[in-house]
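*Asks:* just the structure for this:
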Amino acid sequence: MTVGQILNQAWKMLGEPTDLNPDDITGTGRIFLLEGLNAAIKAVAFFKDGQTREHYRFNQFRKEVYIKYQATSGTGQLGGSTTVLVLSSLPAGETDIAGSVVTVAGETTVIASNVGVTCTLIEPLSATTSGASYSVYPRWIRIPGGTEFIEVLKVEDMTNTVELTRSGQEIDHLSEIETVSNPSSYYRIGNKVYLNTVPSDSIYFRLWLFRAPATVLINSTTPELPASMHFGIILWLVYWGYQWMNEPTDAYAAQNRFTNYMRTTRNEMDVRNEMTDHYDLSIRVL
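*Replies:* Modelled structure (predicted):
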């Protein structure tokens, strides 16, 4: 079904309220209903059964991202103290480099904080010569902007053909914070993937992400879900519409109808154990 067909079907099931009219191009009705539609698409894409705790996992939302890790080098100077280092520039795309390892004239320490290029170090440097060469090694790789993702599924070091393991706790990395070597594990905070060590050379990483569905705006487009799930989108949009209209009883009934539909569809589409999969994705919808 197209976006236009889904909007109109949900609108009719809601009793054609004027403030949600999808044909209200010049007003706010279509804008409001589109907000609900995009929320409905995500609700179906990330559906989790409240009773069984099982998830849908749509393969089309797995995305590969390739990232090259590279240290940043330059010449710096002490900023009036042996615990303050002024860099010539920050690593590309970074403003906060706290936690990065820095080497200066053979000495290694960690950046505790920075204000622009002025960095406060955890340990003092003995070097006092201005213009000393340095290298900054961030403890992370940053996932590029432009992709709304939910989780990192897998991290691979393509250069050394190694798959990194996910750390159970961030504290696992503390004892290795100043170690410069090929990383073996990671954890994620926001759009940063922190490594247990800092790579010594330029390394190419491949990340598998579980991303969000694309936002839809135009009537002729089709939601990024299998056609068999489009009625589920309509049902959740009807639930959203009743919430919008402050009709809690109807909203509750619509929510139950949506859940029952998703459970029924799940049983029909369950192809669990059709192959061994690293991600343990129990339900495959292709």
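
*Asks:* mean confidence for stretch 124-140?
*Replies:* For stretch 124-140, mean pLDDT is 81.

*Asks:* show me where the stretch 1-150 of the chain has its strands.
*Replies:* 62-69, 72-78, 84-86, 101-104, 107-115, 118-121, 132-137, 140-142, 149-157 (DSSP state E, counting those that start in this stretch).

*Asks:* ok and the last one relative to strand 62-69, angle-wise?
*Replies:* Using axes from the mean of the first three to the mean of the last three Cα atoms, to 10 degrees, one finds that strand 149-157 and strand 62-69 are set 50 degrees apart in direction.

*Asks:* the closest residue to Thr18 other than its chain neighbours - how many residues pack around it?
*Replies:* Once flanking residues are discounted, Thr18 sits nearest to Gly29: 6.9 Å by Cβ to Cβ, 6 or more residues apart in numbering. C-beta: built from backbone N, CA, C; applies to glycine. For Gly29, the count of nearby residues is 19 (other Cβ atoms under 10 Å).

*Asks:* could you do Ile122 as well?
*Replies:* 15.

*Asks:* quick one: contacts for it?
*Replies:* Thr83, Thr109, Val110, Ile111, Ala112 (Cβ atoms under 8 Å, 6 or more residues apart in numbering).

*Asks:* of the strands of the stretch 1-150 of the chain, which approaches Asp19 most closely?
*Replies:* strand 149-157 (31.3 Å; Cβ to Cβ).

*Asks:* from the contact counts, what lies against the closest one?
*Replies:* When contacts are defined as 3 or more Cβ pairs under 8 Å, 6 or more residues apart in numbering; DSSP states H and E, strand 149-157 sits against strand 162-166, strand 185-189, strand 203-211.

*Asks:* average pLDDT across that strand?
*Replies:* 90.

*Asks:* list of residues touching it?
*Replies:* Contacts for strand 149-157 (Cβ under 8 Å, 6+ apart): 46, 62-63, 143, 162-164, 166, 182-183, 186, 188, 193, 203-212, 278-279.

*Asks:* pull up the pairing partners for that strand, direction included.
*Replies:* strand 162-166 (antiparallel), strand 203-211 (antiparallel) (DSSP bridges).

*Asks:* deepest in the core, which of the ones you listed is it.
*Replies:* strand 203-211 (a mean of 18; mean count of other Cβ atoms under 10 Å).

*Asks:* how far off centre is the following helix or strand past it?
*Replies:* Per DSSP states H and E, the first helix or strand lying C-terminal to strand 203-211 is helix 230-244. In terms of Cα atoms, centre = their mean, to the nearest Å, the gap separating the centre of helix 230-244 from the centre of its chain is 25 Å.

*Asks:* list the contacts of helix 230-244.
*Replies:* 1, 6-7, 9-11, 13-14, 17, 20, 32-33, 36-37, 39-41, 43-44, 47, 223, 225, 248, 250-251, 254-255, 257-258, 261-262, 265.

*Asks:* one more time with 7 Å, if that's ok
*Replies:* By Cβ atoms under 7 Å, 6 or more residues apart in numbering, the residues outside helix 230-244 that reach it are 1, 6, 9-10, 13-14, 20, 32, 36-37, 39-41, 43-44, 223, 225, 250-251, 254-255, 257-258, 261-262, 265.

*Asks:* ok, now stretch 64-81?
*Replies:* By Cβ under 7 Å, 6+ apart, stretch 64-81 touches 84-89, 91, 118, 125, 128, 130-137, 141, 143-144, 199, 202-209.

*Asks:* in the helix or strand hosting Asp250, what counts as buried?
*Replies:* Taking DSSP H and E as the criterion, Asp250 maps to helix 248-269. For helix 248-269, burial by neighbour count (16 or more other Cβ atoms under 10 Å) applies to Asp250, Ala251, Ala254, Gln255, Phe258, Thr259, Tyr261, Met262, Thr265, Arg266.

*Asks:* the residue lying closest to Leu217 once chain neighbours are set aside: neighbour count?
*Replies:* Nearest residue to Leu217, sequence neighbours excluded (Cβ to Cβ, 6+ apart): Leu34, at 6.6 Å. By the criterion of other Cβ under 10 Å, Leu34 has 18 neighbours.

*Asks:* from Glu54, how far off is Leu34?
*Replies:* 30 Å (Cβ to Cβ, to the nearest Å).

*Asks:* redo the strands of the stretch 1-150 of the chain as CSV? Include mean neighbour count.
*Replies:* Output for the strands of the stretch 1-150 of the chain, formatted as CSV (neighbours: other Cβ atoms under 10 Å):
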stretch, mean neighbour count
strand 62-69, 14
strand 72-78, 17
strand 84-86, 19
strand 101-104, 21
strand 107-115, 16
strand 118-121, 19
strand 132-137, 20
strand 140-142, 20
strand 149-157, 17
